[in-house]
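# What follows is a predicted protein model with its sequence.
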Amino acid sequence: MDRASADQHSHAFRHPTAAMAHLDTATAMQVVTHAADVTLLIDDRGIVADLAYAADDLAGEGLNSWIGKPWIETVTVESKPKVEALLQPAKGDSDKRWRQVNHPSPRGEDMPLSYLTFAAKSAGWSVAIGRDLRAAARMQQRLIDAQAAMERDYARLREAESRYQILFQMANDGVLVTDARNLKISDANRAAVAVLGEEAEALAGRSLLSLFSEQGAEAVTDYLTQVRQLGSGEEIDAWLVKDGAAVHVSATFFRQTSGSHFLIRVVSSQAQDGGTARDEPRRSLEQVVEALPDAFVVADADMNILTANEAFLTMAQVASEKQARAMNLARFVGRPGVDLNVLRANLKEQGSVRHFATILRSLHGLHEEVEISAVAVEDGRNQCFGFAIRSVGRRLIGVARPGREMQRSVEQLTDLVGRVALKEIVRETTDLIERMCIEAALDLTGDNRASAAEMLGLSRQSLYSKLHRHSLGDLSTQSRN
C-alpha cells in the first residue's frame, strides 16, 4: 500500500474538539508547517496568499515568488488540470487524494510536489499541504539511468559474442572449448567437427577424453596437466577412437568468472604435414636470403626497416635484426634526405631500379661504396620495398668513369698562374666541378631532372639555368620533367 492509500485509510481523532480546543493559531501553524514540506494558503480566487516550508533547501526553488500569484500559474502546463481538481470542493474525506504537481524551478529541472488540499469552512480559504518528491524523482532517474546502462552493456555483450562466434566458426583450425575441471566440451567450431568426424550436437557436453583412444587419452591428460601448471606445453600427437586417425593437439589455459577453461586446437596430422610440405619452398627461400653474401632489406612505404639479413646487419654494424627494425633505412643509405628520396621516387615511377650507385653509412660512421637494386611490391593495401645492396668499393678503385675527364689537367691549370688572374682560374675550376656534379646527378637519376635537382639541393628552375649555361642535355625535354 502506498503513502496516499495509507493516508486515506488512516485513523482520525475520536474527539477532535477536545484534542484541538487548546491549540492557539501559532501552535496550529507550526504543526502544519512541520508536518508538511510545503504549506500553501489559497484564497477564494485561487491566489497564493501565504506559504510556509520546512526545509531550507526549498528557498532556492523560488517558492517566495508564488505569493500573490494564482496557484495555477506556478505550475507546469501538464499540471494545471491537477491544480484545478485540487481547488474543487471535495464531497467528503473519501474524495480527497494526493496529486503530483510539477513547479518550474530556477535551477533548471522541474520540482515535483505531491499536494492534498483542505477547504476552510469559513471565508472560502483552502490549505494545500505538499510533500517534496525530489528525492524520489532523483532515485527514479538513477534507476532509469542504471537500467539504460545495463541495456547498453548487454547490447555490447551480445555484439561481442556475435563477433566471437563468427571468428570462432571461420577459423581454419579445429577449436574446442572445455571445462578445465571435468574436460567436458562446451563449444566446438565447424573445423573441429570435420576433424573429429562427429556431429556438433554430439560433441556438446561430451568428455574430451572420450574422443581419443586409451593411449591418446593418457597423452592428452598428461599434456593438459602440464599446460595448467606451466601455462604452456609442446604440441602433442594423439589418436582418435573413431577411426584411429592421428591429430595434433595444443591447448591454452584461461580463467573466466564462470571458472577455468581450456582452449584446445585439434588439427589433422595429414593436413598439417601437407601444409608443411607446401611451406617448405618458402622456408628454403627465406634461408637462402638470410645466407646471401649481399645485404638484403625490406622496408615499408616510409622506409622503416621491416626485416634485414645478416649481411646487412654486418655492413651497417647493427647488433641484431630487432635493433634494425626500430630504424629507418635513410639512417644508412646515401646522403640524408637525398639519395633515398631519389631512389624511392624512381621505384614509385618505374617499379624497379638497377645498379643505383650510392654509399652505405654504418652506425659507427664508416662509409662504403655500394650498388643497390630495388623493387616496389604491393602487399594488399600497403606498399613495401625490397633492396639488394652490394659492396662495390674494390671494383671502383682505379676505374675512371666515362665522360668525366677534366678539361684541363692540374698542370695545365697551374701553367695559367701568372698569365691569368686568380679569380679567372677559380671561376673556370668552379664551372668545371659544377658541370661534373650535374652530369653525375643526371647519370644517377636516369636523366630525371626533378630528382637530380633534389639530389643537388637546387630548385628545378636553377638546375635548368645551369644546364643551359653548360650546354648539357636536351633542353627541349624541360617540360617533360
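Cool, got the structure.
# How about the contacts made by Met111?
61, 102-105, 134 (CB atoms under 8 Å, 6 or more residues apart in numbering). All C-beta atoms are positioned from the backbone trio N, CA, C, and that covers glycine.
# Buried ones in the top strand by length along the chain, by neighbour count?
Taking DSSP state E as the criterion, the chain has its longest strand at strand 367-379. Neighbour counts over strand 367-379 (16 or more other CB atoms under 10 Å) mark 369-372, 374, 376 as buried.
# which regions of the stretch 251-400 of the chain sit below the pLDDT cut-off?
When residues are selected by pLDDT under 70, those of the stretch 251-400 of the chain lie in 270-283, 337, 379-381, 393-400.
# Apply 80 and report the result again.
257-258, 269-286, 335-339, 378-382, 393-400 (pLDDT under 80).
# Show me the strands in it, by range?
Using DSSP state E, counting those that start in this stretch, the strands of the stretch 251-400 of the chain run over residues 259-268, 295-300, 305-308, 352-361, 367-379, 382-391.
# could these be laid out in a markdown table, adding distance to Glu286?
Listed next are the strands of the stretch 251-400 of the chain as a markdown table, based on distance: least, CB to CB, whole Å:
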| stretch | distance to Glu286 |
| --- | --- |
| strand 259-268 | 23 |
| strand 295-300 | 11 |
| strand 305-308 | 10 |
| strand 352-361 | 21 |
| strand 367-379 | 16 |
| strand 382-391 | 13 |
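# Val338 is nearest to which of these?
Of all the strands of the stretch 251-400 of the chain, strand 352-361 sits nearest to Val338, with 9.3 Å by CB to CB.
# Find the nearest non-adjacent residue to Glu78, please.
Once flanking residues are discounted, Glu78 sits nearest to Asn102: 7.2 Å by CB to CB, 6 or more residues apart in numbering.
# And for Leu87?
That would be Gly46: by CB to CB, 6+ apart, it lies 5.6 Å from Leu87.
# Let me see the contact set for that neighbour.
70-72, 87.
# Among those, name the buried ones.
Buried among these (16+ other CB under 10 Å): 70-72, 87.
# which SSE is the residue most central in space within the chain in?
A centroid search over the chain (CA atoms, centre = their mean) returns Ala160, at 15.5 Å, as the residue closest to the centre. Ala160 belongs to helix 134-170 when assigned by DSSP states H and E.
# Show me what that helix is packed against.
Helix 134-170 is packed against strand 111-119, with contacts defined by 3 or more CB pairs under 8 Å, 6 or more residues apart in numbering; DSSP states H and E.
# picking that back up, which one of the contacts of Gly46 sits closest to Gly174?
Proximity of the contacts of Gly46 to Gly174 (CB to CB) peaks at Ile72, which lies at 74.6 Å.
# Can you check my assumption that that closest one lies in a helix?
Yes - according to DSSP: H, G, I helix; E, B strand; the rest coil, Ile72 belongs to a helix.
# Could you dump the buried residues of strand 367-379 into a markdown table with distance to Glu214 added?
Converted to a markdown table, the buried residues of strand 367-379 look like this (distance: CB to CB, whole Å):
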| residue | distance to Glu214 |
| --- | --- |
| Glu369 | 69 |
| Val370 | 64 |
| Glu371 | 65 |
| Ile372 | 62 |
| Ala374 | 59 |
| Ala376 | 58 |
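# Next, count neighbours for the nearest residue to Ile67 once chain neighbours are set aside.
Here the nearest residue to Ile67 in space, its sequence neighbours aside, is Val48; by CB to CB, 6+ apart that works out to 5.5 Å. By other CB atoms under 10 Å, the residues close to Val48 number 20.
# Val48: helix or strand, and which one exactly?
If you go by DSSP H and E, Val48 is part of strand 48-53.
# Moving C-terminal from that strand, which element do we reach first?
Assignment by DSSP H and E places the next element after strand 48-53 at helix 80-87.
# Show me which residues of that next one are buried.
Within helix 80-87, judged by 16+ other CB under 10 Å, the buried ones are 82-83, 86-87.
# So which elements touch that helix?
For helix 80-87, the packing partners by 3+ CB pairs under 8 Å, 6+ apart come out as strand 99-103, strand 111-119.
# tell me the angle the last one makes with helix 80-87.
Put plainly, it is strand 111-119. Counting by axes from the mean of the first three to the mean of the last three CA atoms, to 10 degrees, strand 111-119 lies at 30 degrees to helix 80-87.
# just the first one next, same as before
Using the same axes, to 10 degrees, the interaxial angle of strand 99-103 with respect to helix 80-87 works out to 130 degrees.
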